[in-house]
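[1] fold the following, please.
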Amino acid sequence: MKALFGTAGKGEGFTRLKLKKIIDIPKYLLEYKLDAFEYQCGRGVKISEKSAKEFGESCSKSNIKLSLHAPYYISLSSSEEIKRNNSIKYIEDSAIAAYNMGADRIIVHSGSCGKMTREKALELAKDTISKAIIHMKDIGLYDKVHICPETMGKINQLGNVEEVISLCSIDESLIPCIDFGHINCRTNGGLKKKEDFEKILDSMKNSLGEYRSSNFHSHFSKIEYTEKGGEVKHITFEDKVFGPDFEPLAELVAKRNLTPVFICESAGTQDIDAEYMRNRYESYLK
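    Next up is the predicted model:
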């Protein structure tokens, strides 16, 4: 077992290779020696059952591990009950689409704190995700598709490392999505040294146990940020101003024999940046 690497959606390389159809994704990924792909449903779950199954079959033949990003407008922590209930429905829709394509993880945004305290927002998010788990059981997908709460990049959003770990502590089916770029944003460039990454990995292990801390989901990219607000926009690995760098994490993951799924979210260059990540990781396996 090794860590897996892939892209969030299609990067610029997909067009350069003159590919057009979604079932060409395996050919695209294999060009960069990647083995994971995160299907994007940020603006809604719109893929049909037939298309999802065809896509999933094409990826399965090439041993591509699939995940699905649920709609961005999900808010586990909304102060409005109707929005929280709608979010449960969006999670259910995402899980069904994921199952149809053979993906076993859906990535979910936690929501904003708004004018609430972080403690109140977390309380609401825990209640929402607990109800979502009940729905997953009702539709028979509880042990087939894992909900992955994501660490968020804006400072006023719910979803720092501690909050995501707390959400995942509700149920063993929940897998953390650790977005290191987001964490770097909300800590004003706090991920620099190996020890900075080590603290996150140790925190997961101490709270969630060996399996989930070894097999966590991850997003990685360099992201521009401001000191007061956090995340501004995703950029590329060529940037020399904003971080984080993958090198320290690559070494830790290899030396600890961890097997996460790394999804690169660089702005357009997620394919070549994911390939770079894989190469750095594999250099430490030797």
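[2] helix/strand/coil for residue 76?
    Following DSSP: H, G, I helix; E, B strand; the rest coil, the label given to residue 76 is coil.
[3] CA atoms only for the host helix or strand of residue 218, dumped as PDB, please.
    Per DSSP states H and E, residue 218 falls inside strand 217-220. Coordinates of each C-alpha in strand 217-220 appear next as PDB, following Å, rounded to 0.1, in the frame of the first residue of the first chain:
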ATOM      1  CA  HIS A 217      -8.000  12.300   2.500                       C
ATOM      2  CA  SER A 218      -6.000  15.300   1.500                       C
ATOM      3  CA  HIS A 219      -6.100  18.400  -0.800                       C
ATOM      4  CA  PHE A 220      -2.800  20.100  -1.500                       C
END
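[4] report all helices and strands that it contacts.
    Strand 217-220 sits against strand 105-108, strand 177-179, helix 180-186, strand 261-264, with contacts defined as 3 or more C-beta pairs under 8 Å, 6 or more residues apart in numbering; DSSP states H and E. In short, each C-beta sits where N, CA and C put it, glycine included.
[5] pull out the buried residues from the helix or strand harbouring residue 278.
    Using DSSP H and E, residue 278 sits in helix 270-283. By neighbour count on 16 or more other C-beta atoms under 10 Å, the buried set for helix 270-283 is 270, 271, 272, 273, 274, 275, 276, 277, 278, 280, 281.
[6] tell me, how many residues neighbour residue 185?
    30 (other C-beta atoms under 10 Å).
[7] would you map the helices across the stretch 1-150 of the chain?
    12-16, 25-31, 49-61, 81-101, 118-138 (DSSP state H, counting those that start in this stretch).
[8] in the first one, what counts as buried?
    I take that to be helix 12-16. 13, 14.
[9] for that helix, packing partners?
    Using 3+ C-beta pairs under 8 Å, 6+ apart, helix 12-16 sits against helix 25-31, helix 270-283.
[10] how far off centre is that helix?
    Taking C-alpha atoms, centre = their mean, to the nearest Å, one finds the center of helix 12-16 at 22 Å from the center of the full chain.
[11] fine by me, thanks again.
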